[in-house]
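[1] I'd like to go over a predicted model; first the sequence, then the structure.
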Protein chains: 2
Amino acid sequence: MRIALDAMGGDYAPATTVEGAVDALSEDKELSVVLVGDDKKIRAELNNRKCDDSRISVQHATQTVEMDESPMNALRRKKDSSIRVAVDLVKDGRADAMVSAGNSGVVMATALMVLGKLPGVERPAIAAVMPTLKDRFVLIDAGANVDCKPIHLYQFAIMGEAYAKLIFGIEKPTIGLLGIGEEDAKGNDLTREALKLIRDSNANFIGNVEGKDIFQGDADVVVCDGFVGNIALKVSEGLAEAMAMMLKKEILEKTRGKIGAYLLKGAFANFKKRTDYAEYGGAPLLGISKPCIISHGRSTSKAIKNAVMVAGAFHSKKIIETISRELNAGLSGRAAFAVKE
Amino acid sequence: MRIALDAMGGDYAPATTVEGAVDALSEDKELSVVLVGDDKKIRAELNNRKCDDSRISVQHATQTVEMDESPMNALRRKKDSSIRVAVDLVKDGRADAMVSAGNSGVVMATALMVLGKLPGVERPAIAAVMPTLKDRFVLIDAGANVDCKPIHLYQFAIMGEAYAKLIFGIEKPTIGLLGIGEEDAKGNDLTREALKLIRDSNANFIGNVEGKDIFQGDADVVVCDGFVGNIALKVSEGLAEAMAMMLKKEILEKTRGKIGAYLLKGAFANFKKRTDYAEYGGAPLLGISKPCIISHGRSTSKAIKNAVMVAGAFHSKKIIETISRELNAGLSGRAAFAVKE
């Protein structure tokens, strides 16, 4: 499998992207990586690491996309950006999947325009993996679509189910709809209508799940619109960081705290690992015709390494083929009608 | 000040409500409390505590509202419920404010029907207080309105500002709109329109704030619709609990962990205090003509005590008068037009 990696994307690129690629190759012998971006800078990073692995190649791109650039601007004026060239490599069949920690709006817009949607998909969505007390769950949509219709949420459920099945290895993942109360009648106009569509599907649907319950791990897939999903994701991220900082401050204020913290070092490290986004690497854009993985702008080399490996698994486990099959098989009467509306 | 307390509301009532009332009276000499509900059960709890404080009285109510009961049903069939009687006491001027940890939907509907909205208010909203690294912020709406228009979010901003001014003692609280990116153009249809209205007001508006930033404490008031707000609140609550459980598990797995945890006991206790919802007591329903405080269904006696004290401050600091003034003074051209639409 060959992964096109946007080497210029992310706050610490290209140092982190090159290092992440090198690390991914040493963990997975089946992988090869095309580093896309400024040829000179990338080769300097490779030389720093004395890397001459033949599975790494470099594809020059003259432009880079800024983190605050509009998708419109990037699509029009940056046809030789590292994002665009990486997507083009996938389109031309010179790579099987692409990964970028760059401007996520631009990655989405470029993937949509160049690679297109899977037949039957109304809106591609971002699927992010988050930790629970038991294991993990897929949050979909984590930010691609800010204004949704019920049919979109229905399709997110079906795409999320297919993805969870393959990455978690669960036969029949449980699906929950993110809401504000368990009863079917609770929610807003959007979720109440979407709930009826998902109830009619073959999915293992457990109904509405509340924000306080998602970390208990009852739902393997949590469905919501991209505005709500992005807020749930960012609130979790912000709170986890704030809690760690508050606890650190409390601990370091006293000597006995310092000794206690020393003794708890291992426990804290394990804990951090369970809640660290970098462990989960990237979030795929589900519903695009080829595998595209979006990583966090603040990605470390570890996050990039994991994202490249997710991209490889995405291709080798034929996740896109599964989504396509499930989506077109799963269209029951009510959902098929909603698509036509 | 006399507070009407729904003594039957909450998962552990009436034990917690009676204890909370007794504790509030011992902390604030200006308060008196009317305990509303099953006369026998309440007096038994008072006897258990050997309480004969003359500032406590009991108002019998023959019915109680279940936690999953619909507001429609409660309004029609439970005209002698502890919630309804507590609200009626405020309406008749026999109490200055009411507190309930019961079914929040029923409390809202009853308050709206019996007490009515403040003139000029389109939709009352729940204002919840949450901790930050620096101090605290007000989240409005935390769950009263699941489908909102831009003018509603604008009014939440003005009401939240007045509330933050008084409870935090800040001259000009900063207001943020909960969104998915800092630029004005980011957000969904609702927030992009609401942003323009709030920009036009006299509020100290800092624009969109992201989920990851709210715990940093830059915004004293965070504005959103009730669906998003309820999810942000519950996700925070669920994650804080899950993190505490994960950390506990990691710590208790090894002996050195146990010693470390013993040494860190004080730090953990301080930390828990900062993140414990019970510290903040209740969330007022802003925009109702009289003070109504909604508490968490899982309220402990400490949470009830704090809610009763918040209710007292709400009345003594004339928060409703301030909201009314600000709301009617703050109507600039664009917002005044939006109200009429």
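    Thanks, I have the structure now.
[2] In terms of pLDDT, where does the residue most central in space within chain A sit?
    With distances taken as Cα atoms, centre = their mean, the residue of chain A nearest its centroid is residue A:283 (0.8 Å). Residue A:283 carries a pLDDT value of 89.
[3] Could I get the full set of strands for chain A?
    In chain A, the strands defined using DSSP state E lie at A:2-6, A:32-37, A:56-60, A:97-100, A:125-131, A:136-140, A:174-179, A:204-210, A:221-223, A:282-286, A:292-295.
[4] For residue A:32, which non-adjacent residue is spatially closest?
    residue A:55 (3.9 Å; Cβ to Cβ, 6 or more residues apart in numbering or on different chains). Where you see a C-beta, it was placed from the backbone N, CA and C, and this is true even at glycine.
[5] Repeat that for residue A:51.
    In space, and not counting its chain neighbours, residue A:51 is closest to residue A:22: 5.3 Å by Cβ to Cβ, 6+ apart.
[6] For the one you found, which residues are in contact?
    Contacts for residue A:22 were tallied using Cβ atoms under 8 Å, 6 or more residues apart in numbering or on different chains; they are A:46, A:49, A:51, A:53, A:56.
[7] hang on, the earlier thing: tell me which of the strands of chain A lies nearest to residue A:15.
    Closest approach to residue A:15 among the strands of chain A (Cβ to Cβ): strand A:32-37, 12.0 Å.
[8] Need phi/psi at the residue in the stretch 1-150 of chain A that chain B sits nearest to.
    Among all residues of the stretch 1-150 of chain A, residue A:146 sits closest to chain B, at 4.0 Å; criterion: Cβ to the nearest Cβ. Dihedral angles phi and psi of residue A:146 (degrees, to the nearest 10) take the values phi -80, psi -20.
[9] what's it in contact with, if anything?
    By Cβ under 8 Å, 6+ apart, the contact list for residue A:146 reads A:225, A:226, A:227, B:180, B:187, B:188, B:189.
[10] Highest neighbour count among those residues?
    residue A:225 (28 neighbours; other Cβ atoms under 10 Å in any protein chain shown).
[11] Enumerate every residue touching the closest residue to residue A:306 other than its chain neighbours.
    Leaving aside its sequence neighbours, residue A:306 sits nearest to residue A:281 (Cβ to Cβ, 6+ apart; 2.8 Å). By Cβ under 8 Å, 6+ apart, the residues touching residue A:281 are A:293, A:295, A:303, A:304, A:305, A:306, A:307, A:308, A:309, A:310.
[12] Residue A:184 now?
    Counting by Cβ under 8 Å, 6+ apart, residue A:184 makes contact with A:192, A:195, A:199, A:207, A:208.
[13] re earlier: reformat the contacts of residue A:281 as a markdown table; add distance to residue A:88, pLDDT and neighbour count.
    Output for those, formatted as a markdown table (distance: Cβ to Cβ, whole Å; pLDDT from 0 to 100; neighbours: other Cβ atoms under 10 Å in any protein chain shown):
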| residue | distance to residue A:88 | pLDDT | neighbour count |
| --- | --- | --- | --- |
| A:293 | 16 | 94 | 27 |
| A:295 | 19 | 91 | 33 |
| A:303 | 24 | 91 | 23 |
| A:304 | 20 | 94 | 34 |
| A:305 | 24 | 95 | 25 |
| A:306 | 24 | 91 | 25 |
| A:307 | 19 | 93 | 29 |
| A:308 | 18 | 95 | 28 |
| A:309 | 23 | 92 | 21 |
| A:310 | 21 | 89 | 25 |
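[14] The residues you listed in helices, which ones?
    Counting by DSSP state H, the contacts of residue A:281 place A:303, A:304, A:305, A:306, A:307, A:308, A:309, A:310 in helices.
[15] what's the closest of those residues to residue A:138?
    Nearest to residue A:138 among the ones in helices among the contacts of residue A:281: residue A:310, at 12.1 Å, using Cβ to Cβ.
[16] Isn't the residue nearest to residue A:32 up against residue A:30?
    No. Residue A:55 sits out of contact with residue A:30 when judged by Cβ atoms under 8 Å, with a separation of 9.5 Å.
[17] Relative to residue B:178, how far out is residue A:156?
    Using Cβ to Cβ, to the nearest Å, one obtains 21 Å as the distance from residue A:156 to residue B:178.
[18] Compare neighbour counts for the two and give me the winner.
    Regarding residue A:156 and residue B:178, a neighbour count based on other Cβ under 10 Å identifies residue A:156 as having more, with 36 against 27.
[19] Now do the contacts for that one.
    By Cβ under 8 Å, 6+ apart, residue A:156 lies in contact with A:125, A:140, A:141, A:223, A:224, A:286.
[20] Recalculate using a threshold of 6 Å.
    Residues near residue A:156 by Cβ atoms under 6 Å, 6 or more residues apart in numbering or on different chains: A:125, A:140, A:141, A:223.
[21] I'd like to know which of the contacts of residue A:184 are buried.
    If you count burial by 16 or more other Cβ atoms under 10 Å in any protein chain shown, the buried members of the contacts of residue A:184 come out as A:192, A:195, A:207, A:208.
[22] State the distance from the first one to chain B.
    Put plainly, it is residue A:192. Distance, residue A:192 to chain B, by Cβ to the nearest Cβ, to the nearest Å: 9 Å.
[23] Next one, pLDDT for that residue please.
    pLDDT, residue A:192: 96.
[24] what's the burial count for the closest residue to it other than its chain neighbours?
    Closest residue in space to residue A:192, ignoring its immediate chain neighbours: residue A:185 at 6.9 Å, by Cβ to Cβ, 6+ apart. Neighbourhood size, residue A:185 [other Cβ under 10 Å]: 9.
[25] next one: residue A:91
    For residue A:91, using other Cβ under 10 Å, the count is 15.
[26] now the longest helix anywhere in chain A and strand A:136-140, what's the angle there?
    When chain A is parsed with DSSP H, its longest helix is helix A:226-252. If you take axes from the mean of the first three to the mean of the last three Cα atoms, to 10 degrees, helix A:226-252 sits at 140 degrees to strand A:136-140.
[27] Could you list every helix and strand that helix A:226-252 packs against?
    For helix A:226-252, the elements it packs on are helix B:226-252, helix B:265-275, judged by 3 or more Cβ pairs under 6 Å, 6 or more residues apart in numbering or on different chains; DSSP states H and E.
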